[in-house]
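Novice: dropping a prediction and its sequence here:
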Amino acid sequence: MSGSIDVRGLSRTFHTTVRRPGFTGALRSLVNPERVAKQAVCDISFDVAPGELLALLGPNGAGKSTTIKVLTGILTPTSGTARVAGVVPYEERERNARNIGAVFGQRTQLWWDLPVRESFAILRDIYEVPKAEHAARLKEFDDLLDLSSFWDTRVRHLSLGQRVRSDLAAALLHDPQVVFLDEPTIGMDVVVKEQVREFLRHQVEQRGRTVLLTTHDMTEVERLAERVVLINHGRLVLDGSLDEIRRRFGSTWQVRATLADAHTEVQPLPGIEVLRHEGARVVFGPASCEGADAPTVHQALKAVIERYEVTDIAIDEADLEDVMRAAYVHAEAA
Ligand SMILES: Nc1ncnc2c1ncn2[C@@H]1O[C@H](COP(=O)(O)OP(=O)(O)OP(=O)(O)O)[C@@H](O)[C@H]1O
């Protein structure tokens, strides 16, 4: 389907040669190489609807980049299938390249020794974008990303933030339906990060582009994504909206209460534990971080106020960083 991503039972194994230590080890490795298999992605399935922004999350080495490399046609899967805008990326790389744009935050697809604007012109010719359309799009991107202040500079002299903004523009100049972004704002300052996020929001909300994003930045996830897919050790462990994930793993709240009478005997409440108790100060938390019975922070607040006479009460809600940490811990234990 136009603009959609469809991944079914995708697996990718890498075979590498282990280098034995020392000089004799190196010689033995040369004569009798020891091969090990690493399953980077294992039987994952998910889809992204046209016009949706999905965040693909997971700890280091989880298999996110490998997945993106398959979807951009750089890698062939060991088994399973992938379709991007109706095209099998690793079978029809050129056709896929016309439908997609990709930014790998750590690398550039621009010509190192050319000024940015010349790289844009080369890409215009490669993708056969009409001149007027190219100029109009460049103007639109300049308004959002402030490119003209540095687009006559050679790529090798750009700062990281300038380079990634240029890469983003370059990836989208041929107006692809699907955009892959692998840690696009890594190492950027907060102002540039926000500029890039605003640009991406525009691409999704105004231009209806489909975006698959990997990031370790939870603020980015919170600002941009409605749905996330979490992978761990190459396996998909979670696929849901941010709201669902918060409901499931976000019960790491604490309710801090000051009791009117410091001698009150404090007992746990249904689904609520006493985490700390010193004189009049009591900290309550969820008895379990999962399950349908775990009370929400608001239910806990109500329960504490109904049960105890308090002179002061405050809540600390879990932020997305805590929620994802709980989800990772759950994935690790599964
Ligand atoms: N070309 C390769 N050859 C051998 N192993 C590889 C290759 N590429 C990736 N791997 C391994 O596959 C696993 C998944 O790597 P991948 O780069 O997909 O993870 P990631 O989720 O993107 O991690 P990060 O968040 O650190 O970027 C890792 O264990 C990695 O070492």
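Specialist: Sure thing, it's come through.
Novice: now the helix or strand bottoming out on mean pLDDT in the chain, how far from the chain's geometric center?
Specialist: Within the chain, no helix or strand scores below helix 320-333, which has a mean of 78 by mean pLDDT, DSSP states H and E. Centre-to-centre, helix 320-333 and its host chain are 14 Å apart (C-alpha atoms, centre = their mean, to the nearest Å).
Novice: which elements pack onto that helix?
Specialist: Contacts defined by 3 or more C-beta pairs under 8 Å, 6 or more residues apart in numbering; DSSP states H and E place helix 320-333 against helix 218-224, strand 227-232, strand 235-241, helix 242-249. Quick note: C-beta positions are derived from backbone N, CA and C, even for glycine.
Novice: kindly state the beta-bridge partners for the residue nearest the centre of the chain.
Specialist: Residue closest to the average C-alpha location in the chain (C-alpha atoms, centre = their mean): residue 214, at 3.0 Å. Under DSSP bridges, the beta-bridge partners of residue 214 are residue 56, residue 182.
Novice: and it, how far is that from residue 256?
Specialist: Residue 214 is 36 Å from residue 256, where distance means C-beta to C-beta, to the nearest Å.
Novice: and the gap between the most far-flung residue of the chain relative to its centre and the ligand?
Specialist: Distance from the centre of the chain peaks at residue 263, with 48.6 Å (C-alpha atoms, centre = their mean). Residue 263 is 52 Å from the ligand, where distance means C-beta to the nearest ligand atom, to the nearest Å.
Novice: so residue 42, which state does it fall into?
Specialist: Judged by DSSP: H, G, I helix; E, B strand; the rest coil, the three-state class of residue 42 is strand.
Novice: quick one: contacts for the closest residue to it other than its chain neighbours?
Specialist: Spatially, and ignoring its direct neighbours in sequence, residue 42 is nearest to residue 234 (4.1 Å; C-beta to C-beta, 6 or more residues apart in numbering). Residues counted as contacts of residue 234 (C-beta atoms under 8 Å, 6 or more residues apart in numbering) are 11, 39-42, 44, 62-63, 66.
Novice: from those residues, list the ones also adjacent to the ligand.
Specialist: Filtering the contacts of residue 234 for proximity to the ligand by C-beta under 6 Å from any ligand atom leaves 40, 62-63, 66.
Novice: quick one: which of these sit in helices?
Specialist: Judged by DSSP state H, these include residue 66 as members of helices.
Novice: tell me the angle the host helix or strand of residue 35 makes with strand 227-232.
Specialist: Following DSSP states H and E, one finds residue 35 within strand 34-48. Strand 34-48 runs at 160 degrees relative to strand 227-232, counting by axes from the mean of the first three to the mean of the last three C-alpha atoms, to 10 degrees.
Novice: adjacent strands (with direction) for strand 34-48?
Specialist: strand 5-18 (antiparallel).
Novice: tilt between the strand it pairs with and strand 235-241?
Specialist: Using the same axes, to 10 degrees: strand 5-18 against strand 235-241 is 150 degrees.
Novice: report the buried residues of strand 5-18.
Specialist: 5-7, 10-12 (16 or more other C-beta atoms under 10 Å).
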